[in-house]
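> I'd like to go over a predicted model; first the sequence, then the structure.
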Amino acid sequence: MKKIGLFLLVAIMILLYGCPYSSEVPIDEPSVKYDQNIIGKWAKPSNENDYYLIKSFDDYRFIITSFEKNSDGGYDSKDSYCYFSKIKDVLFLNMKEADKNEYTFYKVVFDGNSNIKLYPVTEYITEKFTKSSDLKKFFSKNLKLSFFYETPDEYEKM
């Protein structure tokens, strides 16, 4: 009986901790200017060890460098190239890690100038897209569905 309970707990944890949907194409090309207030250092309130540095690239694109504390006490970092897309007044983050050839997507909700929530688009989407216009239509059709998103991560500007 204990093994079944442990198995269910692990299965639930795996389901709740997912990766966002990824695609070889973005939602669209960069065309939404971002607010300069996003530039700076951000962190999850619950995690003081890891943080994110957002730097400007141009008026539409920015770079997010994540810093994760490693076992040596130093930090491992990775760059992601990002920009926003807007679909029916919903803001999405197109994120592409520097060493990968695919985009991940997050619904973005700003709470003032110093708080942000990122809702990962669910990893359970099975459709594959070769054209951004088809991906954008798919997002447009599903963006109001609660199960289209994972549990949000909250970040505060430091």
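Yep, it's here.
> Could I get the full set of helices for the protein?
Taking DSSP state H as the criterion, the chain contains helices spanning 2-16, 132-142.
> What residues sit buried inside the lengthiest strand in the chain?
Longest strand of the chain, by residue count under DSSP state E: strand 75-87. By neighbour count with 16 or more other Cβ atoms under 10 Å, strand 75-87 contains the buried residues 80-85, 87. Backbone N, C-alpha and C define where each C-beta goes, glycine included.
> Show me the shaky parts of the protein.
Where the chain drops to pLDDT under 70, the residues are 1-18.
> middle-most residue in it, spatially?
Centroid-nearest residue in the chain, with Cα atoms, centre = their mean: Tyr106, separated by 4.1 Å.
> how near is that residue to Ile64?
Between Tyr106 and Ile64 the distance is 11 Å, computed by Cβ to Cβ, to the nearest Å.
> shared neighbours of the two, which are they?
Jointly contacting Tyr106 and Ile64 under the rule Cβ atoms under 8 Å, 6 or more residues apart in numbering are Met95.
> State the number of residues packed around the closest residue to Met158 other than its chain neighbours.
In this structure, Met158 finds its nearest non-sequential neighbour in Lys41, 4.4 Å apart by Cβ to Cβ, 6 or more residues apart in numbering. Neighbour count for Lys41, taken as other Cβ atoms under 10 Å: 13.
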